[in-house]
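*Asks:* Starting from these lines, generate the structure:
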Amino acid sequence: MKVYISQTERFFARLQGTEASINDATVQKYALALLKKGLSHAYVNQAISALKFYFRHVLKQPKSAAYVRPKKESKLPDVLSLNEVMQLLKAVKNPKHKAILYLTYTSGLRVSEVVRLRLEDCDRERKVLEIRQGKGR
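*Replies:* Predicted structure coming up:
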């Protein structure tokens with residue numbers, strides 16, 4: 001509630017002193033201005049949702065037009081070079097920790113998946129690991 005209220009207050013504070021009528025186009029221009037300011041797409045989507053809620057449930061206005069929402073930003077992960085991986089693996093002296101790191105890297109497991117591994121999950125004959133509760137089941 002606090003976030004929606006503050007988003008709505010910011011919207012009206014920005015309109016203060018202008019003769020602009022408040023409609024769907026005004027909200028769309030506001031959202032574009034937020035994006036141009038460099039604010040995150042999640043923040044802009046939150047502002048749109050707050051204003052949509054305000055107009056529909058507080059002002060009891062009929063359904064508004066569908067706002068064009070910015071798409072979710074996708075960031076590429078930081079990938080270590082082969083040399084960086086080798087340096088990391090060589091730096092570890094503890095055999096248990098070294099085994100965990102090698103297993104994690106060579107099998108492409110996530111930390112949560114490695115933590116859940118048990119000895120019975122390793123099938124040495126078939127050279128297969130059983131991963132329980134992996135991402136996406």
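*Asks:* Tell me which stretches of the protein form helices.
*Replies:* Secondary structure of the chain (DSSP state H): helices located at 2-15, 24-36, 41-53, 82-91, 95-107, 111-115.
*Asks:* can you give me the offset of the third one from its chain's centre?
*Replies:* What that stands for is helix 41-53. Here helix 41-53 is found 16 Å from its chain centre; the criterion is Cα atoms, centre = their mean, to the nearest Å.
*Asks:* coming back round to it: residue 128: which of the helices of the chain is closest?
*Replies:* Closest of these to residue 128 is helix 95-107, at 10.1 Å (criterion: Cβ to Cβ). Yep, even glycine has a C-beta here, placed from its N, CA and C like the rest.
*Asks:* how close does residue 57 sit to residue 1?
*Replies:* For residue 57, the distance to residue 1 (Cβ to Cβ, to the nearest Å) stands at 12 Å.
*Asks:* er, residue 58 I mean
*Replies:* 12 Å.
*Asks:* repeat for residue 67
*Replies:* Note on residue 67: its distance to residue 1, by Cβ to Cβ, is 21 Å.
*Asks:* Could I get the contacting residues of the closest residue to residue 104 other than its chain neighbours?
*Replies:* Counting by Cβ to Cβ, 6 or more residues apart in numbering, residue 114 is the residue found nearest to residue 104 once chain neighbours are left out, at 5.2 Å. Residues counted as contacts of residue 114 (Cβ atoms under 8 Å, 6 or more residues apart in numbering) are 100, 103-104.
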